[in-house]
Structure formats: structure tokens, C-alpha cells
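> Return atomic coordinates for the entry below.
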Amino acid sequence: MSLEGLDARRAALDALYEVLWEKRLLSHVNTGALPPADAARAKRLTAEVLRHLGRLDAVLRPYLARRPNMAVQNILRLGAYELLVDGSGAHGIVNSAVALAKRHPRTARASGLVNAVLRKVAEDGPAVWEKTPPHPLPVWLRKPIGKAFGHDVLLAIEAAHQAGAPIDLTPKTDGVTVPGTETLPTGSLRLKHGQVSALPGYAEGAWWVQDAAAALPARLLGDVASASVLDLCAAPGGKTLQLAARGAAVTALDISEDRMARLRENLARTGLNAQIVIADILDWSGGPFDAVLLDAPCSATGTIRRHPDLPFVKSAEEVETLTRLQMQMLDRAKDFLKPGGRLVYCTCSLLPNEGENQVKAALKRHNDLEIIPVDPVSLGGEPGWCSPEGGLRLRPDFWAGCGGMDGFYMALLQRR
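Predicted structure coming up:
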């Protein structure tokens, strides 16, 4: 690739610094005034370098007498990624990396090192790359995940993170087909090729983007036609759309005005209706409702395969804060239920403290709550998705042969 891609590469290096040093989520990184194509490429390069960071460092390590500063290291990582994964022309990639190094005083003196190392990577790296294991999760995640699921599952999850994530669609009505997709056992559509916005039915609102795992919690509520349903932490609205499409009278509540703007856009595009409430769940008064769905704020560790920046930004301390908030929200969600009403609690987390353990603790706190065991086979899933207390535990290594799924926990509770 020629030097014409230098602006996108420079933006990718800036983004890597913000994620790795400033601990900023990639979604919050500003790519500046780049044209849309360059901005998209910069984000993609950043995400893929982060996805393969451990492998890239392992390939580079033999050619470095000592670890260079982060700016130089990131130039080497970016160049190695383009050489080993993107498969572009080695000559152009090395020249671009050297040009990037020469443009800043902190890296200019290392331009010769960048040139020599990346030429070695181009020659010898592919053989080493194939033998290098996926980037490992940080210790604060590896320990609880390994304890919960075992070492073999931990390695399978890390392999799933390396593989990345396909795009799934939720159809507005059953039986909808979209060219370029395949229908999954749970009813979601998995995109095999093509751009989302160019697919038939996008403008008409016949479907929306939603991971196959994220599409299951709303289905735990069963028949919701004419039922009053409160969707808590609703934005950007995938579950609200599901409930509204099945005939529920949905109240969608979220604390973020900006995120709820996306929900309004999705409702308008799909022609569905819901009452929008901007409020803090802990302060709001409403109901009672026939059913409540709480997709609680969490570490989002189940989505690392599509957000590889998360392990570099999140921390164990943040998870502790989140688990306290989840407990408060779960207690509050119960209060919105009518007697006999149903409550779905879910998180896109791989950590039992944000899933299974939250539900078990809630059942101990509240004598008027009981869990209704879920049959995953009835949802198009597999018996192995069941968790001991009666919920569903989904993992990125499930469906490995057809692209995996996000990690998710969900449980169906009922107020006696």
C-alpha cells in the first residue's frame, strides 16, 4: 500500500495511544477531520492491532534488544499487523512505517530500527505468526473466567475474541429473509457479505442490527401481546423494538438523552411505537407493569470480540462499582412489577458476579421472587447453555463453527 494511506495510519497511532495510555474507549476517540473512508480505516486498524496485540508483540520481540517507547512500539505493531494480517505489499507498508517514524521527534531516531525490524517481520514473521496463541485476557479477567468455566473454555474464549464478530440482524417479523444472510437456529440473521445500510429492508425498518445473543432476553418474556412492559436501560433500543414488534405496550427508560436519540431514530425507521422516558431508574416512579426487562450496565466483557479495546480500558475496580449498581437496579426493577409479573435480568458480561451471582443474591434478598428455569432448546439454543440456578449463560466460543456469539447472561424471574 502506498503512502497515500498515511493519514489513516497516523490517526490509528493516535487512537492506540489514547486507548493504551489514556485508557479511553475506542468509541470515544475522535479521528479528527479525516474523510469518512480514512476515519473508518483508522478505527479498523486500531481495533485489529488491539485484537492481536499479544501476538504482534510476540512476533516483534526477537528483533528488539530492548523494548522501545510506546510511540515506536505502536508503529511497529501497526506495520506488523499490516504485513501479517492485512496482506498488503511489504515494500509500501515498511516505507509508510518509516515515514511515520520520521514525522515526530520522539520516533525519528528510531526510523532505522523500524525499517530493519519490519523487513525481518516481512521475511520471517508469517511462520512465527501461525504458531503464536491469541492475545490473552488481562489477569483480572482471566482469573474469574478460568475459575468459572475452566482453562480449556478460557482458551476457547480467547480464540473467539481473536476471530472477531460477524454482524447479526433481528427481523421485525418472523420469516423475514435478507439476501446475503443466513438464518440462525434462534431466528437471527447472520450477515455473510454486503454492507448493512445497502441491504434490502434497511430503509423500511424490516430488521435492525443486534447480536444473536442480545436478541434472546426479550424472548424470555414469552407472549407480550397487549402487555405493559418496562424496558430499563433501553438505549439504543434493540430490545424495545423486539417487544414493540410483538405487540407490547413498551415504556423505554434510559438515563442518557443522547443514547435515547438513537432509540427514537430506530423507532421511526421501523414504524414501531414506545413511550420514551429519560430518567434514572433509581429515582423514577412508575408502573406497575406486567413485565420488566433490565439490561443492566456492566463490564461488557461479553462483547470483547467486537470491542477489543475493552480489556485495555476496563478494570476490576470498575466491575466492583458496577456490581453494586446492578444490585440496586435489580431491587428497584422488582418494585415496578405487578404481583405475578415477570422480570428478565441480563448483562453482556462473562463474569458470574455480574450474572449468576447477582440473581442468586437477589433471590436470597427477596422472598417474593422466584426463578423460572429457561429451556434454551425452545429458543433455538442448546442444552449446554443452561446455568445451574436456572438462567442462560452464553459464551463467545458457542457456535464457533459459524462465527460465535457475544457473551451474555440472562434469567427470568417472577414476582409471587
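
> Strands along the stretch 51-200 of the chain, start to end?
In the stretch 51-200 of the chain, the strands defined using DSSP state E, counting those that start in this stretch lie at 168-171, 181-183, 189-191.

> Ala11: which of the ones you listed is closest?
Closest approach to Ala11 among the strands of the stretch 51-200 of the chain is made by strand 189-191 (26.5 Å; C-beta to C-beta). All C-beta spots, glycine's among them, are computed from the backbone N, C-alpha and C.

> Quickly run through the sheet partners of that closest one, with directions.
When pairing is defined by DSSP bridges, strand 189-191 lines up against strand 168-171 (antiparallel), strand 181-183 (antiparallel).

> Return the set of buried residues in it.
Leu189, Arg190, Leu191 (16 or more other C-beta atoms under 10 Å).

> residues making contact with that strand?
166-171, 176-178, 180-184, 199, 207, 212, 402-403 (C-beta atoms under 8 Å, 6 or more residues apart in numbering).

> what's the closest of the strands of the stretch 51-200 of the chain to Asn357?
strand 168-171 (27.7 Å).

> and the contacts of strand 189-191, which are buried?
Among these, those buried by neighbour count (16+ other C-beta under 10 Å) are 166-171, 176, 178, 181, 184, 199, 207, 212, 403.

> Pipe these into CSV and attach pLDDT per row.
Formatted as CSV, the buried ones among the contacts of strand 189-191 follow (pLDDT from 0 to 100):
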residue, pLDDT
Pro166, 94
Ile167, 95
Asp168, 96
Leu169, 97
Thr170, 97
Pro171, 96
Val176, 88
Val178, 92
Thr181, 93
Leu184, 96
Leu199, 91
Trp207, 95
Ala212, 97
Gly403, 93
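
> Columns pLDDT and distance to Arg332 on top of the buried residues of strand 189-191, output as CSV?
What follows is these, written out as CSV (pLDDT from 0 to 100; distance: C-beta to C-beta, whole Å):
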residue, pLDDT, distance to Arg332
Leu189, 96, 35
Arg190, 96, 35
Leu191, 94, 37
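
> What about the closest residue to Ala300 other than its chain neighbours, how many residues nearby?
Leaving aside its sequence neighbours, Ala300 sits nearest to Cys348 (C-beta to C-beta, 6 or more residues apart in numbering; 5.4 Å). Close neighbours of Cys348, defined as other C-beta atoms under 10 Å, add up to 25.

> Now the phi/psi pair for Cys348, please.
Per-residue torsions, Cys348: phi -90, psi 60 (degrees, to the nearest 10).

> Model confidence score at it, please.
The confidence metric pLDDT takes the value 97 at Cys348.

> give the contact list for the spatially most central residue of the chain.
Among the residues of the chain, the one closest to the centroid is Thr303, at 2.6 Å (C-alpha atoms, centre = their mean). By C-beta under 8 Å, 6+ apart, the contact list for Thr303 reads Asp211, Leu310, Cys348, Asp406, Gly407.

> same thing but at 7 Å, please
Shown in contact with Thr303 (C-beta atoms under 7 Å, 6 or more residues apart in numbering): Cys348, Asp406.

> Can you give me the distance of Gln210 to Arg190?
Distance from Gln210 to Arg190, counting by C-beta to C-beta, to the nearest Å: 11 Å.

> Same question for Tyr345.
Relative to Arg190, Tyr345 is positioned 26 Å away (C-beta to C-beta).

> His28 now?
Taken as C-beta to C-beta, the span from His28 to Arg190 is 28 Å.

> now Asn69
Taking C-beta to C-beta, one finds Asn69 at 42 Å from Arg190.

> Also Val59?
31 Å.

> now swap in Leu76 and tell me
35 Å.

> Need the distance between the two termini of stretch 276-284.
Chord length of stretch 276-284, first to last residue, is 13 Å (C-alpha to C-alpha, to the nearest Å).

> For stretch 386-395, which residues meet the burial criterion?
So, applying 16+ other C-beta under 10 Å, buried residues of stretch 386-395: Cys386, Ser387, Gly390, Gly391, Leu392, Arg393, Leu394, Arg395.

> Quick one: these as a markdown table, columns for pLDDT and secondary structure too.
Converted to a markdown table, these look like this (pLDDT from 0 to 100; DSSP: H, G, I helix; E, B strand; the rest coil):
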| residue | pLDDT | secondary structure |
| --- | --- | --- |
| Cys386 | 97 | strand |
| Ser387 | 96 | coil |
| Gly390 | 96 | coil |
| Gly391 | 97 | coil |
| Leu392 | 98 | strand |
| Arg393 | 98 | strand |
| Leu394 | 98 | strand |
| Arg395 | 98 | coil |
